[in-house]
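*Asks:* I need the structure of the sequence given here:
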Amino acid sequence: MSTGSAAAHPAAAPSLTSVFVRLKLSLLRNGLRQSTGRTVAYVASIAVGLVFAAGAVLGLIALRGNAHVGALVVLLTGILTLGWAVMPLFFPAGDETLDPTRLVMLPLRPRPLIVSLLVASLVGIGPVVTFALVAGSVIAVAEGPVAAAVGVLAVVLVVLVCVSLARAVATASVRLLTSRRGRDLAVLSGLFIAIGAQGVNIAAQKLGRPDGLSVLEPLGDVLRWVPPASAISAVDDAGHGAYGRAAVGLSLTAVVLVLLLWWWQRTLTALMTSPDSSTLQAVEKDSGRQSGSGDRGPARLLPGGRTGTVMLRTLRYAWRDPKSKMSWATALGVGLLVPVVSSVQGNGSIYTAFSASALLGLQMYNQFGQDTSAFWMVASTISTPRDAYQELRARALTLALVAVPYVTLVVIGTAALIGPWSSFLEVYGLSLALLGALLATGALSSALFPYSIPSEGNKNVAPGQGAIAWFSLFGGLLIGAGLSLPLLALTIWLHVAGLHGLLWVLLPVGVVYGAGVAELGLRVAAPRVARRLPEILTAVSKG
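*Replies:* Numbering: from 1, shown residues only. Sure thing, here's the model as predicted:
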């Protein structure tokens, strides 16, 4: 009888949740055993995270009763959610359990797998800090027992939405994160952290004023209806008796949580059942995509001959090589960030637009070091100074192809944000002249002071070549600034003489001067490149 009953009612499959929680703890423990440095770094991160969370919670509690604390906690929740959304993109190797492809060969169904992964995701310092910040936000705005009850639900919903969002994004982009482009995102994370730090610095300065929190109200009015910040806003509404608005806020967050779990399940199912790039179907599809011959898209607009070939190769290096991409992204990001930060701080000048020309002009330095040991292929095509000149000219044209439009946009934006527009033409002319001067000195520096850029690791200079790199960059920058002195002297003279109506001539003069000095620098550097090919190859191959 018992055997027949057991056959009629088969035993339910055991829950995977405890297995995945133990797996997460084992991964953390084994990771810490790899080295003492990793253990110290992890313990230090936990200590810093807990101290930060404790300070933030105490600060939020101290603001309880402030008229603008509701807008602050809504903004804080939005920033937390954004951080969880982008974390898998920039730090894909921070948690091995973020890669569901490791579980593809196991007989697991998506729905119980999602529950187990979601619970395992709550183990770690990140969820603890998030829970503390959300709980502190609830305490800051909760007034009365009803608001406290709504706050408990809000804390659970917000934490679950943050964790589910990170998991869904990681699952949807896992093919990207495990590819070369995913590793490039990790390299670029430092740039976004630097930009974010500047944003935090600006926000701290504005919020430190006596009425600083009041500037958050317009943004808070919008974010209060964006999940999961709407759940925190629901606590505030419940404390003021607006139970309908509180119900809507909680409902919006709950709906978003359900949609995230549904999206996560769909992408996980597709990932575990669709072929990857190692299967025959994917390979055939990829080969069919690449069957066409010839250049496509903007590459067809490049000039023919050696110039177009070198330009295309340089652009591909800038897009595909992680070190080159990081250098370009830093120059573009910081060049725009300097005038924006100056504008927000209220003490800027239109002359801060020079940062765009300076940082992009420095990309011309150590051109051959970017090739590393592959420079021998370039050297094999150079037999005369004319060949070297064409190689350098093509690289300079590639940089100018990006730099000139970018400098134009930065100068226009700086004139619009900081002003005055009356200085636009002179600043634009001086910027182009500075760019041309740096192209000239960069070409000469690439010939005289090449150094190797290691392809692996975080160092941008091979051991023993640090002094060469510093002398090349700073010496070339000083000489480039010196080459711009004639145009700067003309600008000062026009101002001192009161000839403001003639300042417009600085634009055409700057264009002609920048192009002329760049051409002169290329022609001076070309013979030296042709003579020093063995020395350059030796220098750039040390990494």
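
*Asks:* ranges for the helices of the stretch 1-150 of the chain?
*Replies:* Under the criterion DSSP state H, counting those that start in this stretch, helices of the stretch 1-150 of the chain are mapped to 2-8, 17-32, 36-62, 69-90, 110-121, 125-141, 145-172.

*Asks:* Helices along the stretch 251-400 of the chain, start to end?
*Replies:* Taking DSSP H, counting those that start in this stretch to define them, one finds helices in the stretch 251-400 of the chain at 280-289, 305-320, 322-345, 354-361, 375-379, 385-417.

*Asks:* Comparing the ones you listed, which comes out most buried?
*Replies:* helix 354-361 (a mean of 25; mean count of other C-beta atoms under 10 Å). For every residue, glycine as well, the C-beta is placed using N, CA and C.

*Asks:* Centre of the chain to that one, how far?
*Replies:* In terms of C-alpha atoms, centre = their mean, to the nearest Å, the centre of helix 354-361 is set 19 Å apart from its chain centre.

*Asks:* Against which helices or strands is it packed?
*Replies:* helix 322-345, helix 385-417, helix 424-448 (3 or more C-beta pairs under 8 Å, 6 or more residues apart in numbering; DSSP states H and E).

*Asks:* and with 10 Å instead?
*Replies:* On a contact count with 3 or more C-beta pairs under 10 Å, 6 or more residues apart in numbering; DSSP states H and E, helix 354-361 meets helix 322-345, helix 385-417, helix 424-448, helix 476-483, helix 506-531.

*Asks:* Same list (those helices) but as TSV, adding distance to Leu359 and mean pLDDT.
*Replies:* Formatted as TSV, those follow (distance: least, C-beta to C-beta, whole Å; pLDDT from 0 to 100):
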stretch	distance to Leu359	mean pLDDT
helix 322-345	4	77
helix 385-417	9	90
helix 424-448	9	91
helix 476-483	10	84
helix 506-531	16	92
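
*Asks:* which one of the helices of the stretch 251-400 of the chain lies closest to Ala71?
*Replies:* helix 322-345 (19.0 Å; C-beta to C-beta).

*Asks:* picking that back up, and the helices of the stretch 1-150 of the chain as TSV, adding mean neighbour count and mean pLDDT?
*Replies:* As requested, the helices of the stretch 1-150 of the chain are arranged in TSV below (neighbours: other C-beta atoms under 10 Å; pLDDT from 0 to 100):
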stretch	mean neighbour count	mean pLDDT
helix 2-8	8	48
helix 17-32	14	76
helix 36-62	13	81
helix 69-90	21	82
helix 110-121	19	82
helix 125-141	21	90
helix 145-172	21	89
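
*Asks:* For Pro451, grab phi and psi.
*Replies:* Rather than Pro, residue 451 is Tyr. Dihedral angles of Tyr451 (phi, psi; degrees, to the nearest 10) stand at phi -150, psi 160.

*Asks:* Over to Pro303?
*Replies:* Dihedral angles (degrees, to the nearest 10) for Pro303: phi -70, psi 160.

*Asks:* residues touching the closest residue to it other than its chain neighbours, list them.
*Replies:* Leaving aside its sequence neighbours, Pro303 sits nearest to Met311 (C-beta to C-beta, 6 or more residues apart in numbering; 7.6 Å). For Met311, the contact set (C-beta atoms under 10 Å, 6 or more residues apart in numbering) comprises 299, 302-303, 393-399, 401.

*Asks:* now the helices and strands packed on helix 354-361 as a markdown table including distance to Leu75?
*Replies:* Shown next, in a markdown table, are the helices and strands packed on helix 354-361 (distance: least, C-beta to C-beta, whole Å):
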| stretch | distance to Leu75 |
| --- | --- |
| helix 322-345 | 17 |
| helix 385-417 | 23 |
| helix 424-448 | 35 |
| helix 476-483 | 40 |
| helix 506-531 | 42 |
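
*Asks:* Indicate which one of those is closest to Leu250.
*Replies:* Among those, if distance is taken as C-beta to C-beta, the winner is helix 322-345, at 35.2 Å.

*Asks:* helices or strands next to that closest one in the packing?
*Replies:* Against helix 322-345 (3+ C-beta pairs under 10 Å, 6+ apart) you get helix 180-207, helix 305-320, helix 354-361, helix 385-417.

*Asks:* Counting neighbours, what do you get for Leu537?
*Replies:* 17 (other C-beta atoms under 10 Å).

*Asks:* That one against Val529, yeah?
*Replies:* No. If you go by C-beta atoms under 10 Å, Leu537 and Val529 don't touch, sitting 11.3 Å apart.

*Asks:* any residues in contact with both of these two?
*Replies:* Looking at what touches both Leu537 and Val529 (by C-beta under 10 Å, 6+ apart), the common residues are 368, 378-379, 450.

*Asks:* wait, Val529 sits on Ile536?
*Replies:* Yes. Counting by C-beta under 10 Å, Val529 does reach Ile536; the two are 7.1 Å apart.

*Asks:* Between these two, which contacts overlap?
*Replies:* Counting by C-beta under 10 Å, 6+ apart, the residues touching both Val529 and Ile536 are 367-368, 378-379, 382, 446-448, 450.

*Asks:* now those in a markdown table, with distance to Arg33?
*Replies:* Below are those laid out as a markdown table (distance: C-beta to C-beta, whole Å):
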| residue | distance to Arg33 |
| --- | --- |
| Gln367 | 44 |
| Phe368 | 43 |
| Val378 | 46 |
| Ala379 | 47 |
| Ile382 | 52 |
| Ser446 | 46 |
| Ala447 | 50 |
| Leu448 | 49 |
| Pro450 | 42 |
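
*Asks:* can you tell me which two in these are farthest apart?
*Replies:* Farthest-apart pair in those is Val378 and Leu448; separation 17.1 Å (C-beta to C-beta).
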